[in-house]
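Q: Turn this into a model:
(one chain, ligands or ions: 2)
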Amino acid sequence: VTTERPGDQGMVRWAPPGTGETATTVYDGTFHEPAGGMTEFLLVYKFGLAEINTKVTILAEELAHKGRGNPIEHVLPRLKTPASITAKARRIDCPLTFEDLRSRIRDIAGIRIVCSFVSDVYTVAEMLTRQPDVHLVATKDYIADPKENGYRSLHLIVEIPVFLSDRVVPVPVEVQLRTVAMDFWASLEHKIYYKYDPDIPAELRSELSAAADDAARLDQRMERLHREIHGPRR
Ligand code: GTP
Ligand code: MG
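A: Residues are numbered from 1 along each chain as shown. Ligands and ions are numbered 1, 2, ... in the order given. As a prediction, the model looks like this:
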């Protein structure tokens with residue numbers, strides 16, 4: 001990795017110096033990775049993301065054909081950019097070596113699955129994690145236990161094997177599952193927060209969390225209507 005100006009995240013360059021040297025130096029100028037560089041490092045995450053994306057697409061299409069409608073409204077896969085990986089590494093004091101990045105940053109590959117109803121969130125999470133090649137590493141249930149600001153979503157870290165030409169690599173993927181209402185709130189909160197970052201006024205803070213409660217009530221109401229019309233299960 002070659003850095004030109006420390007502190008300027010956009011200027012971090014990942015280059016294969018081909019020296020066979022082990023990376024030990026932490027972000028203070030130039031240091032070397034044994035081989036490959038950032039593009040190769042990111043490749044397995046791209047493949048892992050594609051694997052999970054295919055699984056979600058299969059579930060959505062199959063469930064749509066089953067008759068009760070597709071529980072998945074939309075899906076958004078995303079790969080962290082090198083700039084955002086190094087920015088997060090710096091934020092969490094993670095040395096800029098591929099080994100450290102691999103073990104400490106688990107949301108390099110991420111997929112957001114936006115569902116119709118709260119029950120769908122758990123149904124889809126269950127369908128995904130019970131597949132034998134999907135290994136559930138961690139769960140954060142911000143629906144059962146919303147964040148202080150009102151944020152709700154179900155977060156999973158799953159590991160999926162990626163089959164390369166000469167080896168199998170387990171790749172972590174962050175899966176965020178939420179309803180349309182939760183997604184609506186989170187998208188707008190993100191914009192508002194970033195505008196006021198870092199000191200968001202206290203009133204605005206509590207209004208945002210009240211808005212999240214409104215969204216949760218809307219979810220309950222829609223879920224109840226759905227059940228009244230279609231029965232307890234999809
Ligand atoms: P990051 O370093 O941001 O990845 O957070 P983390 O490692 O503590 O993980 P967490 O599961 O709490 O959050 C992961 C992701 O969920 C974030 O990157 C956001 O995409 C989303 N998220 C978490 N909290 C909030 C929030 O308060 N508002 C919004 N809009 N999104 C959130
Ligand atoms: Mg993240």
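
Q: doesn't Glu73 make contact with Ala60?
A: No - in terms of CB atoms under 8 Å, Ala60 does not count as a neighbour of Glu73; the distance is 9.3 Å. Yep, even glycine has a C-beta here, placed from its N, CA and C like the rest.

Q: Compare these two and say which is more crowded by neighbours.
A: Ala60 (19 against 16; other CB atoms under 10 Å).

Q: List, one by one, the residues from the protein near ligand 1.
A: Counting by CB under 6 Å from any ligand atom, the positions of the chain adjacent to ligand 1 are 88, 107, 140, 147, 149, 151, 155, 176, 186, 189-190.

Q: can you redo those residues as a markdown table with secondary structure, pLDDT and neighbour count?
A: Shown next, in a markdown table, are those (DSSP: H, G, I helix; E, B strand; the rest coil; pLDDT from 0 to 100; neighbours: other CB atoms under 10 Å):
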| residue | secondary structure | pLDDT | neighbour count |
| --- | --- | --- | --- |
| Lys88 | helix | 96 | 17 |
| Asp107 | coil | 97 | 18 |
| Lys140 | strand | 98 | 15 |
| Lys147 | coil | 96 | 12 |
| Asn149 | coil | 92 | 15 |
| Tyr151 | coil | 96 | 18 |
| His155 | strand | 98 | 18 |
| Gln176 | strand | 98 | 21 |
| Ala186 | helix | 96 | 21 |
| Glu189 | helix | 90 | 18 |
| His190 | helix | 89 | 11 |
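
Q: Let me know the closest of these to Leu43.
A: Closest approach between the residues of the chain next to ligand 1 and Leu43, by CB to CB: Asp107, at 17.0 Å.

Q: That closest one reaches Glu174, doesn't it?
A: Yes - using CB under 8 Å, Asp107 makes contact with Glu174 at a distance of 3.9 Å.

Q: so what sits against both of these two?
A: Shared contacts of Asp107 and Glu174, defined by CB atoms under 8 Å, 6 or more residues apart in numbering, comprise Ile157.

Q: Would you map the helices across the chain?
A: Using DSSP state H, the helices found in the chain span residues 37-65, 82-91, 98-104, 118-129, 180-196, 202-230.

Q: nearest residue to Trp185 other than its sequence neighbours?
A: Closest residue to Trp185 apart from its sequence neighbours, by CB to CB, 6 or more residues apart in numbering: Ala215 at 4.6 Å.

Q: shouldn't the one you found be in contact with Asp183?
A: No - with contact defined as CB under 8 Å, Ala215 does not count as touching Asp183 (9.3 Å).

Q: Quick check: the gap between the residue nearest to Trp185 and Arg78.
A: Using CB to CB, to the nearest Å, one gets 23 Å for the distance from Ala215 to Arg78.

Q: neighbour-wise, which of these two wins?
A: Comparing Ala215 with Arg78 by other CB under 10 Å, the one with more neighbours is Ala215, at 19 against 14.

Q: Let me see the contact set for the more buried one.
A: Taking CB under 8 Å, 6+ apart, we find Ala215 in contact with 152, 181-182, 184-185.

Q: which of the residues you listed tops the neighbour count?
A: Per-residue neighbour counts (other CB under 10 Å) across the contacts of Ala215 peak at Met182, which has 28 neighbours.

Q: Contact partners for it?
A: For Met182, the contact set (CB under 8 Å, 6+ apart) comprises 143, 152-153, 215-216, 219.

Q: All good on my end, thank you.
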